[in-house]
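Q: could you look at this predicted model? Sequence included:
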Amino acid sequence: DTAVSQTPKYLVTQMGNDKSIKCEQNLGHDTMYWYKQDSKKFLKIMFSYNNKELIINETVPNRFSPKSPDKAHLNLHINSLELGDSAVYFCASSRRLAGVNEQFFGPGTRLTVL
Amino acid sequence: GEDVEQSLFLSVREGDSSVINCTYTDSSSTYLYWYKQEPGAGLQLLTYIFSNMDMKQDQRLTVLLNKKDKHLSLRIADTQTGDSAIYFCAESKDGGATNKLIFGTGTLLAVQP
């Protein structure tokens, strides 16, 4: 059983297009995240939702819009894609227990903008 | 600041010990973590340490924390080829509402047979 799943795994698209990435977790967690990992493997938090409420919104262009229809899903929509958006996008989820923040990551979505 | 620094690359022979180092800047971090990323996969939590501890051992893994120098290390004993991966340290602030983790720059561990 996949704990955190993302679709699609690969996404190749032209500059200027709009695309979405979907994420689902079946762990019963109440917090979900989107991260961006660039070609140098640097990992940066983009957004986080707790119980469908946005709680982290880093300095990300407003072309990126997260949506959480329920606690188990967090989708990422990107408008007007640019070359610099090419990266691997990871979804993650967690549940706070005794202060430890163990995050469970999805397999990633490799986005290539041509 | 929020910069968490790691050396980029470490190469060891199978059976040797590996030591991966991390320097963080936020002294209020309550927990510090080590995550592992295998090729083509997401990150996976390996171990963590509470900031009032200076050492934690978990089978082949030993975490050392020097709060004065804001230095964290991960020692892997008897390193195996299956340990080849990118290792990320991360810090988080307990008590906040955001569950935010700040990840280090990552260290690529290459284990030679």
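A: Nice, I can see it.
Q: and the gap between the closest residue in space to residue B:17 that isn't next to it in sequence and residue B:104?
A: Nearest non-adjacent residue to residue B:17, counting by C-beta to C-beta, 6 or more residues apart in numbering or on different chains: residue B:77, 5.4 Å away. For every residue, glycine as well, the C-beta is placed using N, CA and C. According to C-beta to C-beta, to the nearest Å, residue B:77 stands 21 Å off from residue B:104.
Q: so between those two, which is more surrounded?
A: Higher neighbour count among residue B:77 and residue B:104: residue B:104, with 27 against 13, using other C-beta atoms under 10 Å in any protein chain shown.
Q: in chain A, where is pLDDT below threshold?
A: Along chain A, segments meeting pLDDT under 70 span A:1, A:96-98.
Q: which residues are in contact with the residue in it that chain B sits nearest to?
A: Here chain A gets closest to chain B at one residue, residue A:105, 3.0 Å apart by C-beta to the nearest C-beta. Residue A:105 is in contact with A:4, A:35, A:90, A:91, A:92, B:42, B:43, B:44, counting by C-beta atoms under 8 Å, 6 or more residues apart in numbering or on different chains.
Q: ramachandran angles for the second one?
A: The reference is to residue A:35. Dihedral pair for residue A:35: phi -120, psi 150, per degrees, to the nearest 10.
Q: excluding sequence neighbours, find me the nearest residue to residue B:66.
A: In space, residue B:66 is closest to residue B:54, 7.1 Å off (C-beta to C-beta, 6+ apart).
Q: these two touch, right, that neighbour and residue B:62?
A: No. Under the criterion of C-beta atoms under 8 Å, residue B:54 is not in contact with residue B:62, lying 11.3 Å apart.
Q: compare neighbour counts for these two and give me the winner.
A: Set residue B:54 next to residue B:62 and count neighbours by other C-beta under 10 Å: residue B:62 wins out with 17 against 11.
Q: the more buried one contacts residue B:53, correct?
A: No. Between residue B:62 and residue B:53 there is no contact under C-beta under 8 Å: 11.9 Å.
Q: stretch A:52-66 near chain B anywhere?
A: Yes. In terms of C-beta under 8 Å from any C-beta of the partner chain, part of stretch A:52-66 sits within range of chain B, namely A:55, A:56.
Q: how about residue B:9, what does it touch?
A: By C-beta under 8 Å, 6+ apart, the contact set of residue B:9 is B:107, B:108, B:110.
Q: show me what it bridges to in the sheet.
A: Note on residue B:9: beta-bridge partners by DSSP bridges are residue B:108.
Q: can you pull out the strands in chain A?
A: Ranges of strands in chain A, per DSSP state E, are A:4-7, A:10-13, A:19-25, A:31-37, A:43-50, A:53-57, A:64-70, A:73-78, A:87-94, A:103-105, A:109-113.
Q: buried set for the last one?
A: Spelled out, it's strand A:109-113. A:109, A:110, A:111, A:113 (16 or more other C-beta atoms under 10 Å in any protein chain shown).
Q: the first one contacts residue A:10, correct?
A: Yes. If you go by C-beta under 8 Å, residue A:109 and residue A:10 touch, sitting 7.3 Å apart.
Q: quick check: residues of chain A near chain B?
A: Contacts of chain A with chain B, taken as C-beta under 8 Å from any C-beta, map to A:4, A:31, A:41-45, A:48, A:50, A:55-56, A:90, A:92, A:94, A:96, A:99-103, A:105-108.
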